[in-house]
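1. 3D, please:
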Amino acid sequence: MLPVHKKTKMRKRTRRSHHALVPVALIACPQCNQAKLPHAACGNCGYVNTHTRIELGAEES
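-> Model prediction:
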């Protein structure tokens, strides 16, 4: 069955207005100044906050 009315460009574009990509927010690690995700451990030094640090070991292959 075919649609009765044509969907206008404005209606299509209004519906798709929420499909835009959002850039990833990165912050500098206070310890080593490498880029990291906020509220996450640093991949370089393992720093989380002043009281917490995660020990990074060698990856097993």
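
2. Give me the secondary structure label for the most centrally placed residue in the chain.
-> Closest residue to the average C-alpha location of the chain: Val24 at 3.9 Å, with C-alpha atoms, centre = their mean. Secondary structure state of Val24, per DSSP: H, G, I helix; E, B strand; the rest coil, is coil.

3. Cys42 - how many residues pack around it?
-> 22 (other C-beta atoms under 10 Å). (Glycine included, C-beta is placed from N, CA and C.)

4. How far off centre is stretch 45-61?
-> Here stretch 45-61 is found 20 Å from its chain centre; the criterion is C-alpha atoms, centre = their mean, to the nearest Å.

5. Repeat that for stretch 42-57.
-> 20 Å.

6. what does stretch 17-35 give?
-> 6 Å.

7. Identify the residues contacting that stretch?
-> Under the contact criterion C-beta atoms under 8 Å, 6 or more residues apart in numbering, stretch 17-35 has outside partners Lys36, Leu37, Pro38, Cys42, Gly43, Asn44, Cys45, Tyr47.

8. And Arg15, its phi and psi?
-> In terms of degrees, to the nearest 10, the main-chain angles of Arg15 are phi -60, psi -40.

9. Pull up the gap between it and Thr8, please.
-> Arg15 sits 11 Å away from Thr8, taking C-beta to C-beta, to the nearest Å as the criterion.

10. pLDDT score for the residue nearest to the centre of the chain?
-> Val24 is assigned 93 on the pLDDT scale.

11. Equivalent analysis for the one 5 residues further on, please.
-> As summarised for this prediction, Cys29 has a pLDDT of 92.

12. Three-state assignment for Arg13, please.
-> For Arg13, the assignment made with three-state DSSP gives helix.

13. Fine by me, thanks again.
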